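No sequence on hand, only this structure:
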């Protein structure tokens, strides 16, 4: 299981009870713990939801010396 943030565009009000997510029509931003990301994305697209962005929130990348210089 992993923790993700989603930005989606929903055509209508949609309840995904198994994930405890309620989408309103239009743009939605939410976080969810997902066991199978591909299956969850297929479920969203099945309901006509357009996925704009997905970010994993619980697995961070290590900084390398090159990226650390860019951040500072």
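Perfect, thanks for sending it. These numbers were taken from a predicted model, which means no experiment stands behind them.

contacts, neighbours, all on C-alpha from now
Will do.

Residue 59 - that's part of a strand, no?
No: according to DSSP: H, G, I helix; E, B strand; the rest coil, residue 59 belongs to no strand; its state is coil.

show me the contacts for it.
Shown in contact with residue 59 (CA atoms under 8 Å, 6 or more residues apart in numbering): no residues.

and stretch 44-58, how far apart are its ends?
Distance across stretch 44-58, first residue to last, is 21 Å (CA to CA, to the nearest Å).

actually stretch 43-58, not the one I wrote
22 Å.

buried ones in it?
44, 49-51, 54 (16 or more other CA atoms under 10 Å).

Is residue 58 in contact with residue 1, as I believe?
No: the criterion here is CA atoms under 8 Å, and residue 58 misses it with residue 1 at 10.0 Å.

List the ones among the buried residues of stretch 43-58 that fall in strands.
Assignment to strands by DSSP state E places the following of these there: 50-51, 54.

With distance to residue 17 and pLDDT as new columns, can those residues be given to me in a markdown table?
Output for these, formatted as a markdown table (distance: CA to CA, whole Å; pLDDT from 0 to 100):
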| residue | distance to residue 17 | pLDDT |
| --- | --- | --- |
| 50 | 19 | 98 |
| 51 | 18 | 97 |
| 54 | 20 | 96 |
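
from those residues, which is closest to residue 31?
For those, the residue nearest residue 31 by CA to CA is residue 54; the value is 9.6 Å.

Excluding residues flanking it in the chain, which one is nearest that closest one?
Distances taken as CA to CA, 6 or more residues apart in numbering place residue 6 nearest to residue 54, at 4.7 Å, with adjacent residues excluded.

And the helices in this structure, which stretches?
For the chain, the helices defined by DSSP state H cover 37-46, 65-71.

follow-up on the earlier one: can you put the buried residues of stretch 43-58 in CSV and add distance to residue 20?
Shown next, in CSV, are these (distance: CA to CA, whole Å):
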residue, distance to residue 20
44, 13
49, 16
50, 19
51, 18
54, 18
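
what two of these have the greatest distance between them?
49 and 54 (13.1 Å).

What's the local residue count around the residue nearest to residue 1 when sequence neighbours are not counted?
Distance criterion CA to CA, 6+ apart; nearest residue to residue 1, sequence neighbours excluded, is residue 35 at 4.2 Å. When neighbours are counted by other CA atoms under 10 Å, residue 35 registers 11.
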